[in-house]
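Just need the structure, nothing else, for what follows:
(2 chains)
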Amino acid sequence: MNLVQMFSWPFMQRALVVGILVSLCAALLGVSLVLKRYSMIGDGLSHVSFGALAVAVALGVTPLYFSIPVVILAAFFLLRLANSGSRLGSDAAIAVVSASALAIGILVISLTTGMTTDVDNYMFGSVLAMTETDVVLSAVVSAAVLVLFVLFYHKLFAITFDENFARATGMRVELYNTLLSILTALTIVLGMRMMGAMLISSLVIFPALTAMRLFRSFRGVVLCAGVTAVLCFCAGLIFSFARSTPVGATVVAADLILFLLACVVERLRKKV
Amino acid sequence: MESNELIVCRDAALGYEGRAVLTGLNLSVSAGDYLCVVGDNGSGKSTLMKGLLGLLSPMAGSIDRAAELKNGAIGYLPQQTQAQKDFPATVYEVVLSGFLNQKGFRFFYTAAQKTAALQAIGKLGILELKDRCYRDLSGGQQQRTLLARALCAASRLLILDEPVTGLDPAAAQDLYKTLRYLNEKEGMAVVMVTHDLRSALENAQTVLHIGKTSWFYGKVEEYLQSPEGRRFRKEEQ
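Residues are numbered from 1 along each chain as shown, chains lettered A, B, ... in the order given. Just a heads-up that it's a prediction; the model follows:
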């Protein structure tokens, strides 16, 4: 089957549009999150997002309308935790939040619809999950994320590189940290149903790590992360359709391969 | 406040959550001053620094800043953080970020700011490192980069937090030389918290010694005669 036929399916078109937008957003935000040592927050948010999704389905409301506010609230909370006190305490707290949200989600599902294939889809994602409404909402939110990211690029750089300096020179660091966490929360909610709750955080982390192996400037890392993320998503989507593998896992595998390649390139460069 | 005074503390008390760490702080920094803050660990040096930067408001008394410093136009050289050690960013990118406080509602840097950033990089003698990655630099080169960034943020006052920590002696001497140049030739006021008492005394005009029980604030020559200073001289011998 060739590519034209593959993307003549409406569900594949939807998956492609949402996937590209979400992976681009996730990768851009991911550079800041990884460098600020906030990688775990992405993971925590995806589990909260799973819990929210389960509750929304049980209540019969449109999942995105319910999970977006819940996950944004969780993002506020997790960021507070991450910035307060000891690193160990906040790590443990994030783990507690993740596990609790996951447990609540699973309980709600088993008490209402029962443990069906739905759970499997939420956990590991499904390419069929995207509806027409999701596509529109994803496009709007991703556009907002991209615009805000470009406008605040320099400020995000400053708070990522050196929060103390930024604060001393009168920048409203908390405001930008909050912005960062809201944008991350939105991205994760949008991408979760296709990529799966267990795998979405890799969209945030992998491209940044790959790009950091290859580039020396912040701008280079950001651009490379964006390109890497989109490429890996497209490759993963095509492969998953061709071989009927789950899309989330396939995309993560593509990310992993590229990351390993980048590590090899970095090694070779150091030797020269 | 007199016209050349940049920061004036009057009977200021600083602390956290209602508990004062420092009390009765009187101190003034004017244009062209070079003040070193020394003292034992836990004596409140970092607290004082936060007060001077305006990150902590005094619990009593007052800390006044000159109008031009109010919008954060303070050249601050913080201690390095763990995250910076493997940070992918070029020297130029880091230095430019010093201008952020002057951007107001604009989102991008102006051509004039880009030129000024290059000038600051040149002033610190690291122009050839402009496109190098920050994480690949030596400790001394990293401090120069951060100093260039501080110069972009402010033209009259530099506040440095333990700038020579982790530097080898030669790089530390280089940094002191640069600071003295900025202080003498460009009239930049320098406030430095440091453990390196010997070099501090060679360079500074005034010393603030914060002890657990006693204080000293005055000229370097007077400091060497004071009980705190005598203890230092005894250690030297």
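
Kindly report the residues of chain B close to chain A.
B:53-55, B:71-74, B:76, B:78-79, B:81-84, B:86-90, B:93-94, B:96-98, B:100-101, B:103, B:107-109, B:131-133, B:136, B:146, B:149, B:153, B:159 (CB under 8 Å from any CB of the partner chain). The way it works is simple: take the backbone N, C-alpha and C, and place the C-beta from them, glycine included.

Please flag which of these sit within strands.
B:76, B:159 (DSSP state E).

Give the buried subset of the residues of chain B next to chain A as a ChimeraX selection command.
A single ChimeraX command selects the buried members of the residues of chain B next to chain A (16 or more other CB atoms under 10 Å in any protein chain shown):
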select /B:53,54,72,73,74,76,78,79,84,87,88,89,90,93,94,96,97,98,100,101,109,132,133,146,149,153,159
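
who in the stretch 151-272 of chain A is up against chain B?
The stretch 151-272 of chain A comes close to chain B at residues A:151-155, A:157-158, A:160-171, A:211-212, A:215-221, as judged by CB under 8 Å from any CB.

Tell me how many other residues crowd residue 196.
With no chain named, the answer covers chain A. Residues lying near A:Gly196 (other CB atoms under 10 Å in any protein chain shown) number 26.

Hmm, no, I was thinking of chain B.
B:Asp196 has 20 neighbouring residues, counting by other CB under 10 Å.

does the spatially closest residue to it that is not a sequence neighbour count as helix, strand or coil?
Spatial nearest neighbour of B:Asp196, excluding adjacent residues (CB to CB, 6 or more residues apart in numbering or on different chains): B:Val164 at 5.4 Å. When classified by DSSP: H, G, I helix; E, B strand; the rest coil, B:Val164 comes out as coil.

what sits against B:Val164?
When contacts are counted by CB atoms under 8 Å, 6 or more residues apart in numbering or on different chains, B:Val164 touches B:143, B:171-172, B:175-176, B:194, B:196, B:199.

Phi and psi next, for it.
When read as degrees, to the nearest 10, the backbone of B:Val164 gives phi -100, psi 0.

distance of it from chain A?
Note on B:Val164: its distance to chain A, by CB to the nearest CB, to the nearest Å, is 18 Å.

And B:Asp196, by the same measure?
Counting by CB to the nearest CB, the separation of B:Asp196 from chain A is 21 Å.

Go ahead and confirm that residue touches B:Ala172.
Yes: look at B:Asp196 against B:Ala172 with CB atoms under 8 Å: they come within range, at 7.0 Å.

mind saving the C-alpha coords of stretch A:57-64 as PDB?
Taking C-alpha atoms only, stretch A:57-64 is exported to PDB below (Å, rounded to 0.1, in the frame of the first residue of the first chain):
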ATOM      1  CA  VAL A  57     -16.000   9.000  30.200                       C
ATOM      2  CA  ALA A  58     -17.800   7.700  33.300                       C
ATOM      3  CA  LEU A  59     -19.600  11.100  33.700                       C
ATOM      4  CA  GLY A  60     -20.400  11.100  30.000                       C
ATOM      5  CA  VAL A  61     -18.800  14.500  29.200                       C
ATOM      6  CA  THR A  62     -16.500  15.300  26.300                       C
ATOM      7  CA  PRO A  63     -13.100  14.100  27.600                       C
ATOM      8  CA  LEU A  64     -11.000  17.100  26.500                       C
END
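
what residues does that stretch touch?
Stretch A:57-64 has contacts (CB under 8 Å, 6+ apart) with A:52-53, A:56, A:66, A:108-109, A:111-113, A:118, A:133-134, A:137, A:189-190, A:193.

now with 10 Å?
Stretch A:57-64 is contacted from outside by A:49, A:52-56, A:66-67, A:105, A:108-109, A:111-113, A:118, A:122, A:129, A:131, A:133-134, A:137-138, A:141, A:186, A:189-190, A:192-193, using CB atoms under 10 Å, 6 or more residues apart in numbering or on different chains.

for stretch B:3-10, same thing?
Contact partners of stretch B:3-10, identified using CB under 10 Å, 6+ apart, comprise B:1-2, B:22, B:24-33, B:35, B:48, B:51-54, B:58, B:60-66, B:68-69, B:74, B:154, B:156-157, B:159, B:187, B:189, B:191.

how would you label B:Val191: helix, strand or coil?
Assignment for B:Val191 (three-state DSSP): strand.

Which strand or helix spans the residue of the stretch 51-200 of chain A found nearest chain B?
Nearest to chain B in the stretch 51-200 of chain A, going by CB to the nearest CB, is A:Gly170, at a distance of 2.5 Å. If you go by DSSP states H and E, A:Gly170 is not part of any helix or strand.

Just give me the neighbour total for it.
Other residues close to A:Gly170 by other CB under 10 Å number 20.

quick one: it and B:Gly54 touch, right?
Yes: contact criterion CB atoms under 10 Å: A:Gly170 and B:Gly54 qualify, at 8.0 Å.

Next, count neighbours for the closest residue to B:Thr178 other than its chain neighbours.
Setting aside the residues directly before and after it, B:Thr178 is nearest to B:Leu124 in space (CB to CB, 6+ apart), at 6.3 Å. Residues lying near B:Leu124 (other CB under 10 Å) number 25.

do the same with A:Cys25
Around A:Cys25 there are 30 other residues, counting by other CB under 10 Å.

Please consider this matter closed, and thank you.
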